[in-house]
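Engineer: sequence plus the predicted model coming up.
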Amino acid sequence: MRITNSAMTRKYIRNINKTQVNLNNSMNKVMSGRKFTKMSEDVSSGAKALRIRAGLYKNEQMQKNLMAAQEELKVAENKMMAVQSMTITAHGEALRAQNGTFNPAEDYPIFASNFDSYAEQVFQQMNGVYAEKYLFGGTYNGDYPYSYDANGDVAYLGIPVHLITKNEDGVYLYPRYLDNDSGIDRLNFDPDDETHWRQVPYSDSIYFDAGLNVTVNGTLLDRRSAIELSISGLESFGFGTSDVEYLAKDGLVKNYTIPNNICEILKDMAKCLREASALAIRLEAGETPRYPDGEPNMNNFAGLDVQDGDRMMLSDYMDRFAALDIQMQKQSNKLMVQVAEVGVRTNYMENMLSRYEDEELTLREMQIHTERINDPEEITTMRSYDFAWNITLQFGSMFLPKSLMDYVR
């Protein structure tokens with residue numbers, strides 16, 4: 001069979017082009033570090049690479065969610081601990097006021113100023129902010145969740161906290177007579193009638209997706225499929241009122257209706273001290289004490305059966321002060337329960353974050369195995385193609401015309 005120069009030339013051109021393509025592809029892989037740059041080059045590996053990248057993206061988002069949630073909870077926990085620390089300080093000050101040998105007329109106003117300061121510091125912590133979000137405001141983020149109403153009482157979203165209650169389903173409620181359009185007033189309000197109560201707005205919990213496959217049944221979220229992020233300010237700092245029994249020094253058991261909110265307790269403690277001081281000043285001056293209804297009847301003060309005259313009224317102020325201190329300690333313990341719950345959530349998030357970090361390492365290894373080249377192997381292949389390219393050029397110089405070889409080079 002006769003082989004012509006033109007046939008040899010055509011075959012040589014095909015071989016040299018193929019060798020050049022192989023060399024260029026190998027060089028691209030070495031420079032980019034990837035096995036392929038287009039889906040068409042390896043459809044199976046490309047599809048797998050896309051799945052891995054989707055997993056990495058989701059993993060990254062979950063880690064960001066968890067880290068942001070951890071930071072928010074830690075800030076909230078610090079503010080709650082600051083309030084708890086304030087109650088400890090206030091309790092110590094209360095013991096000093098009760099047990100020390102102080103002059104009520106002169107010293108109680110100083111103690112009252114301290115308790116006002118404690119209340120204001122607690123109030124500021126209750127309105128704590130992190131990343132332009134109010135930590136204890138539920139789903140509301142328009143303005144400070146806590147404020148003072150026209151009567152000077154602590155209010156949550158405009159609702160006096162001492163009027164808020166919670167039903168068996170864990171829903172926070174307030175009396176409808178507070179709403180002008182409810183058609184219910186204080187006189188016909190029935191606390192046992194469910195229709196006379198309304199849910200406190202924006203008091204629902206906030207949950208976030210942490211990769212647990214969030215599930216919603218109708219309009220209800222399956223709480224096992226998400227992590228709670230919000231912290232209830234009402235639950236943490238107190239709401240409603242409690243009946244507190246206090247055994248006075250004279251042996252009488254006295255009953256007081258005490259607010260549960262820590263800030264209100266501290267404000268009432270300051271108020272007791274100021275009123276006790278004002279009464280002591282009037283007593284020292286020999287004046288007739290002023291009673292709530294303006295009548296100097298000993299039984300008109302706080303509904304008590306006062307037997308020993310004006311000094312017993314002064315004692316009653318301090319008995320109520322002691323009852324407030326007792327309730328503050330109870331609320332402080334409840335606050336610590338909430339802090340512990342936040343700690344449990346933080347630890348759970350820490351464990352989940354660790355799991356996602358381990359999963360990310362696995363996905364990165366899979367991505368390297370799927371997309372990345374084996375550098376020593378690919379460099380060896382590239383050198384082989386480079387050697388083949390040089391051999392091909394050298395071989396062509398032996399039989400191709402000089403002008404063609406110059407063109408090829």
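Structural biologist: Ah, there it is.
Engineer: for T195, which non-adjacent residue is closest in space?
Structural biologist: Of all residues beyond its chain neighbours, the one nearest T195 is R176 (7.9 Å), with distances taken as Cβ to Cβ, 6 or more residues apart in numbering. Where you see a C-beta, it was placed from the backbone N, CA and C, and this is true even at glycine.
Engineer: assess the claim that that neighbour and D185 are in contact.
Structural biologist: No - using Cβ atoms under 8 Å, R176 is not in contact with D185; the gap is 9.6 Å.
Engineer: higher neighbour count, the two?
Structural biologist: Remark: of R176 and D185, R176 carries more neighbours, 17 against 10, as counted by other Cβ atoms under 10 Å.
Engineer: for the more buried one, give me its contacts.
Structural biologist: Contacts for R176 (Cβ atoms under 8 Å, 6 or more residues apart in numbering) come out as 182, 184, 189, 195-198.
Engineer: the same query, at a cut-off of 10 Å, please.
Structural biologist: 182-185, 189, 193, 195-198 (Cβ atoms under 10 Å, 6 or more residues apart in numbering).
Engineer: which of those residues fall in helices?
Structural biologist: Counting by DSSP state H, no part of the contacts of R176 is found in helices.
Engineer: just the buried residues from those, in PyMOL please.
Structural biologist: Buried residues within the contacts of R176, by 16 or more other Cβ atoms under 10 Å, are selected in PyMOL with:
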select buried, resi 184+196+197+198
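Engineer: could the contacts of R176 be laid out in JSON lines, adding pLDDT?
Structural biologist: Below are the contacts of R176 laid out as JSON lines (pLDDT from 0 to 100):
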{"residue": "S182", "pLDDT": "69"}
{"residue": "G183", "pLDDT": "76"}
{"residue": "I184", "pLDDT": "83"}
{"residue": "D185", "pLDDT": "83"}
{"residue": "F189", "pLDDT": "89"}
{"residue": "D193", "pLDDT": "91"}
{"residue": "T195", "pLDDT": "90"}
{"residue": "H196", "pLDDT": "91"}
{"residue": "W197", "pLDDT": "94"}
{"residue": "R198", "pLDDT": "93"}
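Engineer: where does the prediction get shaky in this protein?
Structural biologist: 1-5, 182, 286-312, 374, 399-409 (pLDDT under 70).
Engineer: buried residues, stretch 252-265. List them.
Structural biologist: Across stretch 252-265, burial judged by 16+ other Cβ under 10 Å covers 254, 256, 258-265.
Engineer: can you name the next helix or strand after the helix or strand where V83 lies?
Structural biologist: Per DSSP states H and E: V83 is located in helix 43-99. The helix or strand immediately downstream of helix 43-99 is helix 104-126, counting by DSSP H and E.
Engineer: how big is the angle separating that next one from helix 43-99?
Structural biologist: With axes from the mean of the first three to the mean of the last three Cα atoms, to 10 degrees as the basis, helix 104-126 and helix 43-99 are set at 180 degrees to each other.
Engineer: after helix 104-126, next one along is what?
Structural biologist: Helix 104-126 is succeeded, C-terminally, by strand 129-130 (DSSP H and E).
Engineer: quick one: contacts of that next one?
Structural biologist: With contacts defined as Cβ under 10 Å, 6+ apart, strand 129-130 is touched by 68, 71-76, 78-79, 135-137, 141, 144.
Engineer: pick the one among the contacts of R176 closest to Y12.
Structural biologist: Taking Cβ to Cβ as the measure, Y12 lies nearest R198 of the contacts of R176, at 91.2 Å.
Engineer: isn't that closest one up against D179?
Structural biologist: Yes - the criterion here is Cβ atoms under 10 Å, and R198 meets it with D179 at 6.8 Å.
Engineer: joint contacts of those two?
Structural biologist: Common neighbours of R198 and D179, counting by Cβ under 10 Å, 6+ apart, are I159.
Engineer: how many degrees apart are the longest helix along the chain and helix 104-126 in direction?
Structural biologist: Criterion DSSP H: the longest helix present in the chain is helix 310-371. Helix 310-371 runs at 20 degrees relative to helix 104-126, counting by the same axes, to 10 degrees.
Engineer: does the helix or strand following helix 310-371 pack against any helices or strands, and if so which?
Structural biologist: Using DSSP H and E, the helix or strand that follows helix 310-371 towards the C-terminus is helix 375-399. Secondary-structure packing of helix 375-399 (3 or more Cβ pairs under 10 Å, 6 or more residues apart in numbering; DSSP states H and E): helix 5-32, helix 402-408.
Engineer: let's see it at 6 Å
Structural biologist: Secondary-structure packing of helix 375-399 (3 or more Cβ pairs under 6 Å, 6 or more residues apart in numbering; DSSP states H and E): helix 5-32.
Engineer: might one say that Y317 is in contact with C272?
Structural biologist: Yes - counting by Cβ atoms under 6 Å, Y317 touches C272, with 5.0 Å between them.
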